[in-house]
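Okay, sequence plus prediction incoming.
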Amino acid sequence: MRNLLSIRDLDRVRIEELCSLADEFLAVMRRPIPQVPALRGITVATMFFEPSTRTRLSFERAARGLSADVMGFQAAGSSVAKGESLKDTALTLRAMGANIMVVRHGSAGAPKRVAEWTGCPTVNAGDGANQHPTQALADTFALLRRFGRLDGIRIAIVGDVRHSRVARSDVEAFTRMGASVTLVAPPPLLPPDLTGWPVAVSDQLDDLLEELDVVYLLRVQTERGGATVLPSVEEYARRFGLDAHRLGRMPDHAVVMHPGPMNRGVEITPDVADHPRCLVLDQVEAGVAVRMAVLFRLGAGLKGEAPHG
Amino acid sequence: MEPFTAEPAVPDSSQVLDADAVRRALWRMAHEIVERHRGPDDLVLVGIHTRGVPLAEAIAGAISEFEGTDVPVGELDIGLYRDDLDRRPVTRLGRTFLPVDVTGVSVVLIDDVLFTGRTVRAALDALSDLGRPQRIELAVLVDRGHRQLPIRADYVGKNLPTALEERVRVRVDAIDGETGVWIERAR
Amino acid sequence: MAELVIRGGTVLTARGPERLDVRVAEGRIAELGPALSGPRELDAGGCWVGPGLVDLHCHTREPGQEWKEDLQTACLAAAAGGYTAILAMPNTDPPVDRGVVARQVVQRGEQIGLVEVAAAGALTAGRLGERLSHLDELWEAGVRVFTDDGDTVTDSGVLRRAMEYLAVRGGVVAQHAEDPALSAGGHLHEGSVSSRLGVAGIPREAEEVVVGRDLHLVRLTGCRYHVQHVSSRGTVELVEAARHSGLPVTAEVTPHHLAFDETAVEDLNPDFKMYPPLRTAEDRTALREALDRGTIDVVATDHAPHARQEKEVPFEEAPRGVIGLETALSVTLGVIRDPKLVFDRMAVRPARIAGMPSQGRVPEVGSPANLVVVDPDRRWTPATFRSKSGNSPWKGVELVGRARFTLYRGRVTWEDS
């Protein structure tokens, strides 16, 4: 594995391998000393050209858990504001000693360009509405921990699929692992052409509830224009929001997921958000573990130390 | 750990211990461990992945047989503590699991072959991240020499003088379907 | 001016292809015949000899954006591509909305002397789409094609007045058809690729609704109308129907729309970003068939240079456009191999639409020696360009067929070595 740019780069075996590594890292995270020396001497650059707290902190936590150094910025406080190009920013960080690039960018394909320009192993931490592979790995890992396997698991991804890199990555990861996925959204929030997507589509959440193992709620992304294509957010909440009544109609073992940050009162009511069957915090914990697994896989080959026996 | 694989023994290898010899060696080591610790209490055996784990279980089984006490057995994967990750990438990690808190007790690390000592160095680091044992000892089935670090074994199944370019291959029934120790000449 | 002979080629004459040598003197074709000789001879063995190519759609960027391209480099690139004439688009800074700017562009072209440079004029003042530009002044400066290319004239009233104004003179309204309300925020064709990549798309309808509206206004005004860079099957059908009902409509297609479809954009390489976007394989087939039938009259490059630093950014941030002057002939030869069709679509018809009487003429004694000698079997791989910018989707891609010589007014302006 040279880069992690898209979940499409990973077949089922690779996904399982990363989740099994993540399982070990989860154990590491729960130790009194939640750190291993695996990436000592490696520097991870977290380049976030979009505001993000949780993903950036998750990557930094993962890097430190592997004893890597972290060099990070968020666009607002960087020279990007002075007009420095993405290329120069990336090359500058490499020149300062960064070995692994973690890139979040508003434009699809930006992390791939960084990988090409720097030659460093690069992790896509979310590019436009294209891909967010570590989130998909986190979600897959969280579900594996819950259900043991994804084969035959029925998942509805509900909400603004059109503008969601999480949905694009999750659809590929979940179906690759054997789950069946239904996209549930009003038509303007669906991608215009779903040719080749291994999914079913519905605009009636209420018709599906009894047959679901997982409801995956997406955030209505007001900053990407998600709200402007809807008649009203209230109407959306009424038809597609998950409340206690809808949760009650789902099977007892069914769980609720959300990539965060949640809009409480829009796609999820507070009582569901705080419900024990809501896996949001498991997803967060799983996120650190899979990011440790990914950084470990990318970084372990970079160290130039003495031989071993 | 040595890069052992589960392929069948090759023609230019010669067997130095057969299954019975291995069993007798482990039996003897079990006795030595119990003897030195004046009994099997406050003792934890920790096998180093991969073949150290079944060896630890075998030693615990022997102790259980002659002492009537079950000694806890843990597993340690040192993949995250190795100093040669650049040369030998790790794609899977074995389970790291300690059945009891090791702080204050005696731990016997168990591996199949002691060679440069780097695996044991990594295992000591890994173990000290998990607790603070009162004492750590080392038991190996084979000591083949060529140490690169100031490390020695407390219990040795067999001292086996080797040339640097030779390989020592330990096979364990639970993993390889047969038990024994072979020396392979460099090909 | 020195005399020379083009030897050993197949000349595309009015009677069809003939094995003839061509004597060029005083900037004109002096003699056509077998086994001619002269003080300088150009080896045209295995080549076609036909009228120099005419590009109806070229962004020369001068004045105002010389870091991308200037007339000198654009003309060098054009000559290397087999062109003897280009129509410079008016979206410069200042735009070509006054006679003085048009004259400046044409005069610079004359000074450079590598190809004939004609200026297209802006339809509206400042290309703002609000009021007409100085159409009379532009006409007197020699402008025959009017367009706000890069932007669409969306106001139907403004477009109608422009068409009424130009219809009586025989001017051509050329439209960059893009309804901004449908294309806003889009970067590639709205379809399976855009959906998969999560990049906002531009539907075909952004083009088709504009062409449909415009054709009604053509019916109303009788003005000559030219559709720039057709990208969809639907537009082809609209043009075809309009032609059948006798409307004075022509259309062009770019080499990249003939060569690629939306799947070429999957890697999000900014050198594949342009407007209109590359559409589906079905659209591409429709474009090729329409070019073959003649429904689409012209292959035009939409040569749109952008500096390296402008394109070396993520796809969604990159400006639209690719260069094409140096590769258009090769790419078109990959689609149509019949030399007669190639010269018709790349020289004869564009010259007629642009109103350039000394261009696009089938070789005959006395006609201006604006010629290209095409080696249809030459294999080459573009690596560097005469254009100031390198934003080509064919960088590093092997192409077949290339201009061996280009002659403008009897002078060799390009020689393939």
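That came through, no problem.

what bridges to B:Leu43?
Beta bridges link B:Leu43 to B:Ser106 when assigned by DSSP bridges.

tell me the contacts of it?
B:Leu43 makes contacts with B:33, B:37, B:71-72, B:105-106, B:108, as judged by CB atoms under 8 Å, 6 or more residues apart in numbering or on different chains. Bear in mind the C-beta positions are built from the backbone N, C-alpha and C, glycine included.

which of those are buried?
Buried by 16 or more other CB atoms under 10 Å in any protein chain shown: B:33, B:37, B:71, B:105-106, B:108, out of the contacts of B:Leu43.

Of the residues you listed, which pair is most distant in space?
Spanning the widest gap among those are B:Ile33 and B:Val105, at 13.4 Å by CB to CB.

For C:Ile353, pull up the helix or strand it's in.
Using DSSP states H and E, C:Ile353 sits in helix C:349-354.

residues making contact with that helix?
So helix C:349-354 is in contact with C:51, C:53-56, C:85, C:87, C:118, C:144-145, C:172, C:226, C:250, C:252, C:297-298, C:300, C:357, C:359-361, going by CB under 8 Å, 6+ apart.

Report the separation between the spatially most central residue of chain C and C:Leu138.
In chain C, the centroid-proximal residue (CA atoms, centre = their mean) is C:Ala300; its distance is 2.4 Å. Remark: distance between C:Ala300 and C:Leu138 (CB to CB, to the nearest Å) = 20 Å.

hey, what's the residue nearest to B:Ile48 when sequence neighbours are not counted bridged with?
Excluding the flanking residues, the one nearest B:Ile48 by CB to CB, 6 or more residues apart in numbering or on different chains is B:Asp111, at 4.4 Å. In this entry, B:Asp111 is beta-bridged to B:Val140, by DSSP bridges.

can you pull the contacts of B:Asp111?
B:1, B:47-48, B:51-52, B:55, B:119-120, B:123, B:138-141.

a markdown table please, covering those residues and showing secondary structure and distance to A:Ala200.
Shown next, in a markdown table, are the contacts of B:Asp111 (DSSP: H, G, I helix; E, B strand; the rest coil; distance: CB to CB, whole Å):
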| residue | secondary structure | distance to A:Ala200 |
| --- | --- | --- |
| B:Met1 | coil | 48 |
| B:Gly47 | strand | 48 |
| B:Ile48 | strand | 49 |
| B:Arg51 | coil | 48 |
| B:Gly52 | helix | 49 |
| B:Leu55 | helix | 52 |
| B:Thr119 | helix | 51 |
| B:Val120 | helix | 55 |
| B:Ala123 | helix | 51 |
| B:Leu138 | strand | 58 |
| B:Ala139 | strand | 58 |
| B:Val140 | strand | 57 |
| B:Leu141 | strand | 56 |
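
Longest helix in chain B, by number of residues?
helix B:19-36 (DSSP state H).

Name the residues of it that come out as buried.
B:21-22, B:25-27, B:29-31, B:33-34.

who's in contact with that helix?
Here helix B:19-36 has contacts from B:17, B:40, B:43, B:55, B:58-59, B:62-63, B:66-67, B:108, B:137, B:139, B:141, B:154-158, B:173, B:178-181, using CB under 8 Å, 6+ apart.

Could you report the separation of the residue sitting nearest the centre point of chain B from B:Ala58?
Note on chain B: the residue nearest the mean C-alpha position is B:Asp111, at 0.9 Å, using CA atoms, centre = their mean. Counting by CB to CB, the gap from B:Asp111 to B:Ala58 is 13 Å.

ok, now A:Thr175?
Distance from A:Thr175 to B:Ala58, by CB to CB: 44 Å.

Between the two, tell me which one has more neighbours.
For A:Thr175 versus B:Ala58, the count of surrounding residues by other CB atoms under 10 Å in any protein chain shown is larger for B:Ala58: 25 against 17.

what residues does chain A put near chain C?
Within chain A, the positions near chain C by CB under 8 Å from any CB of the partner chain are A:85-87, A:105-110, A:112-113, A:127-131, A:162-165, A:168, A:191-197, A:225.

one step back: check the buried ones among the contacts of B:Leu43 against C:Ala79 and report the nearest one.
Out of these, the member with the shortest distance to C:Ala79 (by CB to CB) is B:Val108, at 84.1 Å.

ranges for the strands of the stretch 151-300 of chain A?
Counting by DSSP state E, counting those that start in this stretch, the stretch 151-300 of chain A has strands at residues A:154-158, A:180-184, A:199-202, A:214-217, A:255-257.
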